[in-house]
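Asker: What follows is a predicted protein model with its sequence.
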Amino acid sequence: MTQTNEMTGGEAMARMLKAFGSGPMFGMGGFQLLAFYDAARRLKLDHHLINDERCGAFAADAYAKVSGRVGLVDATLGPGATNLVTGLIEALNAGTPLVAFIGDTHRAHSWKNMTQESRQTEILKPACKELLRIEHTSRIPELISRAFQIATSGRPGPVVVDVPEDVCHGTLPFREEEFEVDARYAAAPGIRCRPAADDTARAAALLAKAKRPLMLCGGGVHISQAAAAVSAFAKAQGIPVAHTMTGKGAVACTDPLSAGLFGRYDRIANGLIEEADVLLVVGCKLGEIATKRFTIPGKGKTVIHLDIVPEEFGRTYRPTVTLWGDVREGIRDLEAALAGGAGKLASERRDYVASVGERMAKWRAGVMERLTSTETPINVARMLHELNTVMPADGILVADGGFAAHWAGLLYDTKQAGRGFVPDRGFASIGYGLPGAIGAALAAKGRPVVSLTGDGGFNMSLGDLETARRMGLSFAIVVFNNAASGYVKALQHLMYGAGAYQSSDLAETNYAKVAEAMGCVGIRVEKPDDLSSAFRKGLEPAGVPVVIDVVVTRDPARMLPAVDNRTVTVKKGDRVA
């Protein structure tokens, strides 16, 4: 006989999360979801109070990016719900599996000026992949199952579950079997699909004839958990790999096949793209940054585009062949189609592959003066060089929006394939660095986590340093302290000249002292020779976050991410940085 238990809707919510084996959840409670919070306590869900709901969404996003599992966040109605918008759009644009629960008004009193009432579902709907409103307590198991399925299928994304007060607090009998779930949807990709066989054959034929093929890998490689497959394919076929910021780690940056970042900032990749006879675009949207405002690749290139989202085909560049499917499965099918001649092709491309390593070595030699600069305030290139030297192979680097992501995207080297670099490039919002470190540290327990953020970004999320300390998390957060909204100031300098700065300066602040006042470890670095020891200390488990406050250049002419601090000619309508 089926066992029936009477429980609140909040308990049914908590039981569904337990059934999915859910990881950490971040939220700030309110009356509407109190029944859920009570059940979370009794059922021992891994739930953590966050000090800002936006940071909760960012932490859930980073957890999901690193683990592949569904990130979880909750918020009370009104300002709690609307504070999620920025984090939800990051997840939507980045393809991050996330489920957000928001409380809503009691339906018997909706639209009677209930406290904090707003049209929150209308506000959040464009910020998520799907919004599900639960209209009856009995449907909680069904619709939470659906939320996980949507979040992890196709291009993953955030799903918002709107729970009215009376639905959460209402009490009903539930059968045990209602809490049985399909475990595939606990992580992304929940299900996979393959490109059409005819399209795969056409793509394989083009690659088999190519003398100078090049792969352009985006974040879809990591969403598909396909880095191992991409690395094996590239090695077997003798195809170099360039990457976007989110695609870093498709192959190890230290691999001889790595051509580094392409697009707005690059080492050698843009030149290789120009010379390539076939480009294999893998899990990449070819957006503005990656294409240097839609100028790369040049017109007329033979392009094979593999992606899970067909709407991306032709959006910014018309491909020769489209492969609609999961990245891992698509790469495996291409590998199978080319298996017979793989050895011959790799042999024929040996000199081509070797030239990539030679170009990279030449690039590195040409910028070594910047990478080893002794100037003060500290050159950011030197800072990244020192971090590369001490970061272990299994380390994870989180990068905030703006300078942090661009400098690290250009100069940071992953030492193994996989998601070892976690930038918030879906929406590129600043303020991600600290909550991103929280999520990454929870997703990869035992692995060193370092986060890069600007002083402006750190200011935006500083309150959740208390959250990380309360949780006993060990990670290092490196603050680019240039006493400015650096990107804005650098662009003002570039476009309008020296001294033409408006609303881009910050007060000089010692963030090491701020960290100490909040019960964390603080280290102030003003000399480049002190960077290595500071980073090594930051990598040691401390039981609390370590804030490394690095005083970097104040010269806006030298702030833009480029180790050669190149001179740029700005034409009307250009976006050069």
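Answerer: That came through, no problem. Numbers count the residues shown, from 1 in each chain.
Asker: I'd say Ile50 and Pro24 touch.
Answerer: No - using CB atoms under 8 Å, Ile50 is not in contact with Pro24, being 10.5 Å away. For the C-beta atoms, the positions are set from N, CA and C on the backbone; glycine is no exception.
Asker: The closest residue to Glu117 other than its chain neighbours - how many residues pack around it?
Answerer: Spatially, and ignoring its direct neighbours in sequence, Glu117 is nearest to Thr105 (5.3 Å; CB to CB, 6 or more residues apart in numbering). A count of neighbours around Thr105, defined by other CB atoms under 10 Å, yields 21.
Asker: Please apply the same query to Ala484.
Answerer: Ala484 is surrounded by 20 other residues when neighbours are defined as other CB under 10 Å.
Asker: Okay, and the beta partners of it?
Answerer: Per DSSP bridges, residues listed as beta-bridge partners of Ala484: Asp505.
Asker: For whatever helix or strand Val514 lives in, buried residues please.
Answerer: Val514 is located in helix 511-517, with elements delineated by DSSP states H and E. By neighbour count with 16 or more other CB atoms under 10 Å, helix 511-517 contains the buried residues Tyr511, Ala512, Val514, Ala515.
Asker: Just name the closest of those residues to Asn83, please.
Answerer: For these, the closest approach to Asn83 (CB to CB) belongs to Val514, at 23.2 Å.
Asker: Provide a list of residue ranges in this structure with pLDDT below threshold.
Answerer: Across the chain, the ranges flagged by pLDDT under 70 are 1, 562-577.
Asker: Would you agree the residue nearest to Glu117 is in contact with Ala81?
Answerer: No - proximity of Thr105 to Ala81 does not meet the contact threshold set by CB under 8 Å, at 11.1 Å.
Asker: all strands for the stretch 401-550 of the chain, in order.
Answerer: 421-423, 449-454, 476-481, 521-525, 546-551 (DSSP state E, counting those that start in this stretch).
Asker: C-alpha coordinates for the third one, CSV please?
Answerer: By that I understand strand 476-481. As requested, C-alpha coordinates have been extracted for strand 476-481 and formatted as CSV (Å, rounded to 0.1, in the frame of the first residue of the first chain):
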residue,chain,number,x,y,z
ALA,A,476,42.0,33.7,-2.1
ILE,A,477,40.5,36.8,-3.6
VAL,A,478,42.9,39.1,-5.4
VAL,A,479,41.8,42.7,-5.7
PHE,A,480,43.1,44.8,-8.6
ASN,A,481,43.4,47.9,-6.6
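Asker: That strand: partners in the sheet, and parallel or antiparallel?
Answerer: Based on DSSP bridges, the pairing partners of strand 476-481 within the sheet are strand 449-454 (parallel), strand 546-551 (parallel).
Asker: how about those strands in JSON lines, adding mean neighbour count and distance to Phe174?
Answerer: Converted to JSON lines, the strands paired with strand 476-481 look like this (neighbours: other CB atoms under 10 Å; distance: least, CB to CB, whole Å):
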{"stretch": "strand 449-454", "mean neighbour count": "29", "distance to Phe174": "39"}
{"stretch": "strand 546-551", "mean neighbour count": "25", "distance to Phe174": "46"}
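Asker: Adding distance to Glu358 as columns, could you present those in a markdown table?
Answerer: Output for the strands paired with strand 476-481, formatted as a markdown table (distance: least, CB to CB, whole Å):
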| stretch | distance to Glu358 |
| --- | --- |
| strand 449-454 | 30 |
| strand 546-551 | 33 |
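Asker: Out of the ones you listed, which is closest to Gly433?
Answerer: Checking the strands paired with strand 476-481 against Gly433 by CB to CB gives strand 449-454 as the closest, at 2.8 Å.
Asker: what's the spacing between that closest one and its chain's center?
Answerer: Taking CA atoms, centre = their mean, to the nearest Å, one finds the center of strand 449-454 at 13 Å from the center of the full chain.
Asker: Would you state the strands of the stretch 151-300 of the chain in chain order?
Answerer: Across the stretch 151-300 of the chain, reading from the start of the chain, the strands by DSSP E, counting those that start in this stretch fall at 158-164, 171-175, 213-217, 241-243, 258-261, 278-282.
Asker: So which of those is nearest Glu540?
Answerer: Go through these one by one with CB to CB and the one that ends up closest to Glu540 is strand 258-261, at 29.2 Å.
Asker: quick one on the thing from earlier: so what does the helix holding Val514 touch, helix or strand wise?
Answerer: Helices and strands in packing contact with helix 511-517 are listed as strand 521-525, strand 546-551; criterion 3 or more CB pairs under 8 Å, 6 or more residues apart in numbering; DSSP states H and E.
Asker: residues contacting the nearest residue to Ser118 once chain neighbours are set aside?
Answerer: Spatial nearest neighbour of Ser118, excluding adjacent residues (CB to CB, 6+ apart): Gly78 at 5.2 Å. Taking CB atoms under 8 Å, 6 or more residues apart in numbering as the contact definition, Gly78 lies against Thr115, Gln116, Glu117, Ser118, Gln120.
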